[in-house]
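Engineer: Return a 3D structure for these sequence lines:
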Amino acid sequence: MKNVIRQLAAGGLLALAAGAASAEVTVNYVQPERFSDLPFPTWEREAVLKDLTRHFNRLGAQLPPGQNLRVEVLDVDLAGREYPGRGARDLRIVKHVDWPRIDLRFAVEQNGQVLRSGEAQLRDMAFMDRVSRYSDTDSLQHEKRMIDDWFYSAIVPRERAARR
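Structural biologist: As a prediction, the model looks like this:
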């Protein structure tokens, strides 16, 4: 029994140490009420922003220990167009002409110093012609793939991320 308790305690300490060294991701939405295209109902808007935040956090976990990512989302235009529905939810129709677009500012910091920063205009005009690793049931599949492309080119190259 003592051995099990020691193992659990040691595992807990290792988990705490790993958590302290892991990257921190901060995502802020600058005036989201003025974004080009988000769902009309407030609860759906919040769900979209939470899903995007989770995605940025998932990607940020691949940063080297001690590095932090700060993202300010300036505008969002989701793939497709939303039309009022008859039920509880509105209907989003996705066509080739309504590509996803996200404008953001970012900074990668370590020990209080900015390592990389800039602004990015994410666009994917061929979003319907590309293979996605995200499910067709993921309502943000096109936006997530676009964010992935930006992250792996501007923040952490794929080769480095794959080694983690």
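
Engineer: His142 in helix, strand or coil?
Structural biologist: helix (DSSP: H, G, I helix; E, B strand; the rest coil).

Engineer: hang on, isn't it packed against Pro100?
Structural biologist: Yes: His142 is within contact range of Pro100, at 4.7 Å (criterion: Cβ atoms under 8 Å). Every residue, glycine included, has its C-beta placed from N, CA and C.

Engineer: can you list residues touching both of those two?
Structural biologist: 78-79, 124, 127 (Cβ atoms under 8 Å, 6 or more residues apart in numbering).

Engineer: which of those residues has the most neighbours?
Structural biologist: Leu78 (24 neighbours; other Cβ atoms under 10 Å).

Engineer: can you tell me which residues contact Ser36?
Structural biologist: Taking Cβ under 8 Å, 6+ apart, one finds 75-77, 101 in contact with Ser36.

Engineer: whoops, Asn68 was the one
Structural biologist: By Cβ under 8 Å, 6+ apart, the neighbours of Asn68 are 23-26, 60, 108-110.

Engineer: So which of the residues you listed are in strands?
Structural biologist: Filtering these for membership in strands, criterion DSSP state E, returns 24-26, 108-110.

Engineer: out of the residues you listed, who's nearest Tyr152?
Structural biologist: Taking Cβ to Cβ as the measure, Val108 is the one of these closest to Tyr152, at 13.4 Å.

Engineer: and that closest one, what does it touch?
Structural biologist: Residues near Val108 by Cβ under 8 Å, 6+ apart: 63, 67-70, 114-117, 155.

Engineer: List buried residues within these.
Structural biologist: 63, 67-70, 155 (16 or more other Cβ atoms under 10 Å).

Engineer: Go ahead and flag the most central residue of the chain.
Structural biologist: Phe56 (2.5 Å; Cα atoms, centre = their mean).

Engineer: isn't it right next to Arg70, touching?
Structural biologist: No: the pair Phe56 / Arg70 is not scored as a contact, 10.1 Å apart, by Cβ under 8 Å.
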